[in-house]
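*Asks:* next input, structure requested:
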Amino acid sequence: MRGPADAAVALVYGDFECPYCAAAANQLSGAQLRVAFRHFPIRSTHPRAWAAAGAAEAAATQGRFWEMHDLLFADQGRLEDPHLWARARTLGLDLEQFDTDRRSAAVQRRIRRDFEAAVRGGIVTTPTLVAGGAVHAGRLSAHTVEALSARSR
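*Replies:* Sure, this is the predicted structure:
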């Protein structure tokens, strides 16, 4: 999670290849919310989303999830393996460990667990934000983010 410890929690289901998720991540970065991210890679429309989720989780094993999260959303057009390794290198990660972890059963289970929990919870699109007892599916409006942030003040 990231954001002010005393802020309202916003659970975001996202896909690193989804342009609306990148926009939502940008909007939420300045919001007064405590954000938790859950993976919802939609392979049918975003073939590299699962690999990108693996990269984020592999970075998490080295304490750099949010940094990788931000790098992935900043350049969604480059999600092939060489670009994932370049991001890991930029973050100063142990590249051998990064590559082992992103392909590991534990990381794959984590992504699958998030995905299956989303499906069980009725999530059907990305981004989906769950906050304040409400579900906001699809593009986030500035009004929605402001309203949720205001509740935290």
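*Asks:* quick one: secondary structure of L129?
*Replies:* Three-state assignment for L129 (DSSP: H, G, I helix; E, B strand; the rest coil): strand.
*Asks:* quick check: closest non-adjacent residue to it.
*Replies:* H136 (4.4 Å; C-beta to C-beta, 6 or more residues apart in numbering). All C-beta spots, glycine's among them, are computed from the backbone N, C-alpha and C.
*Asks:* for the one you found, what are its contacts?
*Replies:* Listed by C-beta atoms under 8 Å, 6 or more residues apart in numbering, the contact set of H136 reads 128-130, 144.
*Asks:* columns neighbour count on top of the residues you listed, output as a markdown table?
*Replies:* Output for the contacts of H136, formatted as a markdown table (neighbours: other C-beta atoms under 10 Å):
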| residue | neighbour count |
| --- | --- |
| T128 | 23 |
| L129 | 24 |
| V130 | 19 |
| T144 | 18 |
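*Asks:* lowest-confidence one in these?
*Replies:* Ranked by pLDDT, the contacts of H136 bottom out at T144, which has 81.
*Asks:* so which helix or strand takes in that one?
*Replies:* helix 142-152 (DSSP states H and E).
*Asks:* what do you get for V124?
*Replies:* Applying DSSP H and E, one finds V124 in no helix or strand.
*Asks:* and the closest residue to it other than its chain neighbours, what are its bridge partners?
*Replies:* Nearest residue to V124 in three dimensions, chain neighbours excluded: A137, at 7.2 Å (C-beta to C-beta, 6+ apart). Beta-bridge partners recorded for A137 (DSSP bridges): T128.
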